[in-house]
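Novice: here are the coordinates; sequence isn't available:
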DNA sequence: CCCTGCTATTGAACACTGTTTATTTGTGTT
DNA sequence: AACACAAATAAACAGTGTTCAATAGCAGGG
């Protein structure tokens, strides 16, 4: 049969993204296939290629959705007065999503584009948003630093937060006693930011 | 034909690991196959399963080799007097390997065991080595901290170093102007360690 | 009301993947 | 020279992403 037309193309796209999300959350980051996704929708595999250019494209759309959720949480953390408190809250939200939706979070950061295809702009925009928010808070928390210094600090800080969350989520630091990742984030932010602020005072 | 017996089983294992290494370095982390590896050796795919239990096992052996190279560089960095200088040198060696042998480095940290198979002890030992060296230097640099605090510091610090190197290697922080990763490592170590040391003095 | 045109959807094919197994082939020993 | 042993093969299996000609169903016009 063909042309049931029960759903618009846009609806189908959303359904496919959701089907992939379910599959990833249930079976893990690397346990899905085009045939499984199509099966969940009640369609044949080939049909997905009328919605997305390929599987990479579909994954990218799901990742964008995950990044939107991440950004929403991060924006939500900006309500504190103290900029250091905001950065801490942001880091904790980052960790919380990684813990609550581990597989989706892993998919965002472990997916590599095949055949060196360039990452589309609408995707890059979403990753930039995070860094910008960090820089905003650094501007408030360490006003003495100049633009360049803040860029370095933002990338250093968020690269570090990412590394701590990643090693936790991937179970790569369960060597000799487990330390709560919250403790590490606290340690990082307390010490790094206090030293940066002190340097600014001089 | 069968049984040419030109090489011992151990030789063949080493050759297979090297063939995979070449392939990964030339074609990238996710562009190799059992058939390509066997082809490079002049054998058929099935033969590899007499050397390793499966592809995961072969990858694990290559990763162990990469971790040995990493540990050798890290050990080599311990010759400085100042423990802070040692930690800096260690972080820079970590970055340098990631830059010089990007694909091999990526393979170590992006490879996930299929079917939730446990990571063998001989592999875990190699990842633990790094953390132990960091703790040794922290014991010298921040003697006031107790055992537990040092564990937190070591994991915080090395998780951060890893995150910075990872984002650099994966090109995930080329949003709005590139900052040299060396600068970030320096910023991280200077500020984090100085604050930790200051707290110890109190 | 039938028919035509359009298009959403299919199904089969393609070239590839990791893995298993019976079978063959070469070598060293009796 | 015949045998036993093991190394290596070839072929199969079930799976993968992707392409594309053929088809099935609906909408609009006569």
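Specialist: The structure has been received and is ready for your questions. What you see is a predicted model, and the numbers here were worked out from it, not measured in a lab.
Novice: Show me what counts as buried in stretch A:190-202.
Specialist: Using 16 or more other CB atoms under 10 Å in any protein chain shown as the test for burial, stretch A:190-202 gives A:190, A:191, A:192, A:193, A:194, A:195, A:196, A:197. Any C-beta I mention is one placed from the backbone N, CA and C, and that applies to glycine too.
Novice: The spatially closest residue to the fifth one that is not a sequence neighbour: what's it in contact with?
Specialist: In this case it means residue A:194. Nearest non-adjacent residue to residue A:194, counting by CB to CB, 6 or more residues apart in numbering or on different chains: residue B:195, 5.1 Å away. If you count contacts by CB atoms under 8 Å, 6 or more residues apart in numbering or on different chains, residue B:195 has them with A:190, A:191, A:192, A:194, A:195, A:198.
Novice: Tell me how far residue B:195 lies from residue B:56.
Specialist: 41 Å (CB to CB, to the nearest Å).
Novice: Now chain A against chain B: closest residue?
Specialist: Distances between chain A and chain B by CB to the nearest CB are smallest at residue A:163, namely 1.9 Å.
Novice: That residue against residue B:172, yeah?
Specialist: No: in this structure residue A:163 lies outside contact range of residue B:172 using CB atoms under 8 Å: 11.7 Å.
Novice: which residues in chain A form helices?
Specialist: Ranges of helices in chain A, per DSSP state H, are A:9-27, A:34-41, A:55-76, A:83-100, A:102-110, A:121-141, A:147-169, A:181-201.
Novice: Deepest in the core, which of those is it.
Specialist: Mean neighbours per residue, mean count of other CB atoms under 10 Å in any protein chain shown, is largest over the helices of chain A for helix A:147-169, with a mean of 22.
Novice: and that one, what other elements does it pack with?
Specialist: Here helix A:147-169 is seen to pack against helix A:83-100, helix A:102-110, helix A:121-141, helix A:181-201, helix B:147-169, helix B:181-201 when contacts are counted using 3 or more CB pairs under 8 Å, 6 or more residues apart in numbering or on different chains; DSSP states H and E.
Novice: mind redoing it with 6 Å?
Specialist: Where contact means 3 or more CB pairs under 6 Å, 6 or more residues apart in numbering or on different chains; DSSP states H and E, helix A:147-169 is packed against helix A:83-100, helix A:121-141, helix A:181-201, helix B:147-169, helix B:181-201.
Novice: Which stretch among these approaches DNA strand D most closely?
Specialist: Among the helices and strands packed on helix A:147-169, the nearest to DNA strand D by CB to the nearest atom of the strand is helix A:121-141 (16.9 Å).
Novice: Is there contact, residue-wise, from that closest one to chain B?
Specialist: Yes: residues of helix A:121-141 contacting chain B under CB under 6 Å from any CB of the partner chain: A:128, A:131.
Novice: Now do that helix and helix A:147-169, the angle between them.
Specialist: With axes from the mean of the first three to the mean of the last three CA atoms, to 10 degrees as the basis, helix A:121-141 and helix A:147-169 are set at 110 degrees to each other.
Novice: before we move on, back to that, which ones are touching the residue of chain A closest to chain B?
Specialist: The contact partners of residue A:163, by CB atoms under 6 Å, 6 or more residues apart in numbering or on different chains, come to B:159, B:160, B:162, B:163.
Novice: separation between it and residue B:17?
Specialist: 28 Å.
Novice: Just the pLDDT for the residue nearest the centre of chain A.
Specialist: Geometric centre of chain A, nearest residue: residue A:67, 4.6 Å, by CA atoms, centre = their mean. On the pLDDT scale, residue A:67 is placed at 97.
Novice: now do residue A:42
Specialist: The model's pLDDT for residue A:42 equals 96.
Novice: so which residue of chain A comes closest to DNA strand C?
Specialist: Closest point on chain A to DNA strand C, by CB to the nearest atom of the strand, is residue A:46, at 2.7 Å.
Novice: Please work out how many residues are found near that residue.
Specialist: If you count neighbours by other CB atoms under 10 Å in any protein chain shown, residue A:46 ends up with 9.
Novice: Same question for the one 3 residues further on.
Specialist: Residue A:49 is flanked by 13 other residues according to other CB under 10 Å.
Novice: how far away is the residue nearest to residue A:166 when sequence neighbours are not counted from residue A:127?
Specialist: The shortest distance from residue A:166 to any non-neighbouring residue, by CB to CB, 6+ apart, is to residue B:163 (6.4 Å). Distance of residue B:163 to residue A:127, given as CB to CB: 14 Å.
Novice: Likewise for residue A:61?
Specialist: In terms of CB to CB, residue A:61 sits 15 Å off from residue A:127.
Novice: Check residue A:106 too.
Specialist: Distance, residue A:106 to residue A:127, using CB to CB: 16 Å.
Novice: got it, and residue A:197?
Specialist: Taken as CB to CB, the span from residue A:197 to residue A:127 is 27 Å.
Novice: now swap in residue A:152 and tell me
Specialist: 18 Å.
Novice: Repeat that for residue A:76.
Specialist: Distance from residue A:76 to residue A:127, by CB to CB: 18 Å.
Novice: Show me chain A divided up by domain.
Specialist: Chain A breaks down by automatic domain parsing into domains covering A:1-52, A:55-201.
Novice: How about the residues of chain A by chain B?
Specialist: Contact residues (CB under 6 Å from any CB) of chain A with chain B: A:128, A:131, A:151-152, A:155-156, A:159-160, A:162-164, A:167, A:173, A:175, A:179, A:183-184, A:187-188, A:191-192, A:194-196.
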